[in-house]
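Undergrad: build the 3D model from these lines:
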Amino acid sequence: LFVVCCLFSERIVEMSVKVGVYFGSIEKAFLFSIENHESLKDVVQKVCLHFKLQDPSQFSLQLESEEYITEENFRKSIRMGMVLRLVRSANLVAGELLQRLRDADHHWMGSGFRKLYDDTAESYSVSSKLISLGGHMMMKECVVTSSITRDSDVATVAFAIGSICNLLKHNLATVTDFIDNKAFFKKILIGAKHEHDKFCGFSLQFLAYYILNKEDEGLKVVLEQISFDSIIKNILKDNNVRTTQSCIALLNIAIQTIKDEREIENLFAKLKDQKVFAKVKPHDNITPDNKHELYVFQHLWLNQFHKRAMVHFASDRQNGENDLKYLIKTLKDLDSLFRSDSFSVETDADKFDLLGFTDSKAPENDLEEFPHLLTLDVLARWAREDEETYTKAATAQIARSREYTCSFVQLTRQVIITVLNLLNAHAPPAPSDCSVNFIPFLFSVDPDKSFYDMLSISILHGQTLWNEVNAKTNDFSKIVRILREQLKELLQPGSDILDTDPRMKARQSLSEFRENLEQASYKSFFDAVTANMHMEDSKMLTAAGVEELKRSLHNEATDLLKAQYLNKLKEGGNFVIKGKKKEKIFMHLSPNEKTLFWGVPSEESNLETQLAAEEIKQVDGMEEIKKNEKVRIKSPGGAFGFIGSSMNEMVFVHTPTEADADLWANGLRALMGRPMEGRLVDVERNKLLELLLRINTQNVQGISLPEDPPVAPPLPDFNFVYRNMEDDDAFA
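TA: From the prediction side, this is the model:
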C-alpha cells in the first residue's frame, strides 16, 4: 500500500482555474483565469481592472451561496467553471450598515435593522466584521432602549433580536454577551408572549439558544415564564412559519435538556395527543439553523417503535394472542387453494405455516427475537386496516413450492429491522446531528399509520423483488440485502447533507415513497452496482498515480502480445497466394522461431518453400497493401506481404479477414525485432495492459488512496559507534 501511495505522489496540479465573474448583471460575466500562484487580493485586483473599478480594496468575490471568499477559504472554494460575483467587501458592507444605523432617525431605524438582519442571516463574513466594529452592542442597546408601544417600534426590536440570533447561529457571540443586562432579558420574555409574529418568533428563538447555553438553569427560568402548554398552544394557532419554527426549536432544546426519561415521554405523549405534529409542515422552508430542527421529534417517535420492538411476547401475551388469531382470521375461504397436491390450508396451523411461521403450532416462538412484538403489531394493524391488501400479500406464495417460497413473517421482520437501523431509531435524539434522516411524511395527522404504511409498502416491494428474480429460500439474505440498499437510497438521501438540507431531497409523501420504490427493480439495482464497479475501476485505472505504473507495464504488455502473435504463427493457417496461378497454401513458423514454411500441404512431402526469419527484410500490412494497385482484395478478406533477401519479389498472402492479415504482418514484424503497428495492436495491447493493472492493484481495490504523497519517514542516524565488546569490563 505504501508503494502504491508513493505512485500517487506524482499528481497533476492544475496551473490555473477558469471561472466566470460578473459585476451587477450576470449577463456581463467574463471568463477569468486564476493562476496557481495568485492570491485572492491579486485576483480581485485583476477583476476590478477589467470592470474599470478604481479601488479594489472595497470589493470582494462572493460564491453563489452569497458567502464571501476569504484568503482562508480561497483555494478550497474555487472550482473550475464556477460563477463568482464581484461585490462590495464585507468590511465596507458592515461599516455602511452601522453608519446607517447611527445616522438613521426614528423613522428609518426599522428598515436599517431589517437590512442588518438580512445581511447577517447568510454571511459569516459580514457578521464577523460587525462584531469587530461593535455592532452587537448596538443591537443590544436597541432591544433595551426601544419602545414597543407602536408596531414600527416592535418591528425594529424584532429585527434587532433576529440579528443577534444570526450572530449566535454563526457562533460569533454567546448568550452570555446579552443576558447580563436584565432589561434585555425582560424584553425577550415580553416578546415571547407578544402578538407580533416577528417579535414573538425571534424572542422564542433566542430563548432556545438560552436553554441550549444554560441547560437546566435556562430551562427552569424559561418554563417559569412560558409553560409547555403555552408553547404547544402557540404551535396549534395559525401563526406564521417563524413563530412555529421558534416554538419547535424551544421544545426541541427543552427535550434535550430534560434528564428524566419519563418526563420526556409524558411531554411527547402530550404532543402526540394534541396532534401537534399535524400542524408542523416539514415541506415549508424550515431552515436547519443551529439545532432548531424537527429531527428530535422524529427520533422520539422512532424511539417508541424501537422500545416496542424490545418487548417480548410474554410481556403482553393477551394482546399478542389476540393479534395472532386476527392474522389467520382474515385468511378466509382458502380451502380450495393448494401450495402443492399434498398441502392444504384448512387448519390454523396450516395458515400459520402459510404466513411463514417456523413453528406453526406455537407461532409465538417466532417472536422471541428482535423486533419481537413490533413484528406482530405491523401485521395485525395491516390486517385490520387493509384486509384485502394484507390477504393478497399473505397468500402471494401459496401457489409456489416450498423451495421457492418467501416467508411473509420473516420478510416483515427483516424490513422492520432494516428501517429502524437506517433511521437510527435506537439512538438517543440529537438535534445537532445532521446525519439523522428526515422523513416528512411521518409528520401527519396519524404518524403511527404513516410509519406502518411505509413498512407495508416495503414488504410488498420485497415480495416483488423475490418474484422478479424467481428466488429460492436460500436466496433470502440476498433479497434482503438488495431491499436494504434500495430503502437506503430513499430514506438516506445523500452524504452531502451538511451542505444541502436533506429535506430538499427527502420523499415528501407516502405516494412519492411508493412510486420511487416501485421503480427500484432488481434490474435497476444490478445495473447500478455494475455501473458503480466500472466507475470505481475507471477511477483507479485512470488515477494520476497509476500512470507511472501503466508506463512501467507497457513493455510487459507489448512482450505478452508479441508472444501471442508468434504462437499464432507457430499454429499456422490456410491462406491463398495469387501469382501466375492461384494456390491454396498452409503457412507456419517453426517452433524455434527461426524458419517460416509455406506451400501446398500434402501427405507425401513437407512444405516445399521456406525462408529463414533472419532473411526477412520487409513486411507490408493492410495499410501498405491497400495502396498497392497490383493487389486486389475482396471484402471481408485481407492480405499481407513479405520479401526476403534471397527473393526477387514480394509474396502477397491473402487471408480470410483483415484481422488475420494484421496478426500475421505484426507477427512477422515482431520476428524481425521491429515495432508492431495498427489499430488491432493498440486494442489488444490496451486489454492486456488493463489486465496487468488490475493484477498489480488488486490488493488496493476498494481503498481510497490519498492524492497527496505520504510523508517520508526521517532518515536513520548513520553515525554508528563501534565498540569492542571483548574489551568491555561489564561484558567480561
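Undergrad: helices of the stretch 501-650 of the chain, start to end?
TA: 510-519, 522-542, 544-571, 622-627 (DSSP state H, counting those that start in this stretch).
Undergrad: so what's residue 187 scoring on pLDDT?
TA: pLDDT, residue 187: 93.
Undergrad: could you shift the numbering so residue one becomes 400, and keep it that way?
TA: With 400 as the first residue, the last one maps to residue 586.
Undergrad: these two touch, right, it and residue 543?
TA: Yes: in this structure, residue 586 is within contact of residue 543 by Cβ atoms under 8 Å, at 6.7 Å. From N, CA and C alone the C-beta is placed, and that goes for glycine too.
Undergrad: alpha carbons of the one helix or strand residue 668 maps to, as CSV, please.
TA: Using DSSP states H and E, residue 668 sits in helix 660-672. Output of helix 660-672 as CSV, limited to C-alpha atoms (Å, rounded to 0.1, in the frame of the first residue of the first chain):
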residue,chain,number,x,y,z
GLU,A,660,-36.9,10.0,30.6
ARG,A,661,-40.4,9.6,32.0
GLU,A,662,-40.9,13.4,31.8
ILE,A,663,-39.8,13.3,28.2
GLU,A,664,-42.2,10.5,27.4
ASN,A,665,-45.1,12.5,29.1
LEU,A,666,-44.3,15.6,27.1
PHE,A,667,-44.1,13.6,23.9
ALA,A,668,-47.4,11.9,24.7
LYS,A,669,-48.9,15.3,25.1
LEU,A,670,-47.6,16.5,21.7
LYS,A,671,-48.9,13.3,20.2
ASP,A,672,-52.4,13.5,21.8
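Undergrad: okay, residue 586 and residue 543: which has more neighbours?
TA: Under the criterion of other Cβ atoms under 10 Å, the comparison of residue 586 against residue 543 puts residue 586 first, with 23 against 17.
Undergrad: one step back: any idea of the mean pLDDT for the helix holding residue 668?
TA: Per-residue pLDDT over helix 660-672 has a mean of 82.
Undergrad: check stretch 1034-1044 too.
TA: 89.
Undergrad: one more: stretch 1063-1077?
TA: Mean predicted lDDT for stretch 1063-1077 stands at 92.
Undergrad: report the distance from that stretch to the chain centre.
TA: 49 Å (Cα atoms, centre = their mean, to the nearest Å).
Undergrad: CA atoms only for it, dumped as CSV, please.
TA: Provided in CSV are the C-alpha atoms of stretch 1063-1077 (Å, rounded to 0.1, in the frame of the first residue of the first chain):
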residue,chain,number,x,y,z
TRP,A,1063,0.5,-12.2,-39.4
ALA,A,1064,2.0,-8.9,-40.5
ASN,A,1065,2.7,-7.9,-36.9
GLY,A,1066,3.9,-11.4,-36.0
LEU,A,1067,6.5,-11.1,-38.8
ARG,A,1068,7.5,-7.6,-37.6
ALA,A,1069,7.9,-8.9,-34.1
LEU,A,1070,10.1,-11.7,-35.5
MET,A,1071,12.3,-9.1,-37.2
GLY,A,1072,12.5,-7.1,-33.9
ARG,A,1073,10.5,-4.2,-35.3
PRO,A,1074,7.6,-2.4,-33.6
MET,A,1075,4.1,-3.8,-34.2
GLU,A,1076,1.6,-1.4,-35.8
GLY,A,1077,-2.1,-1.0,-36.5
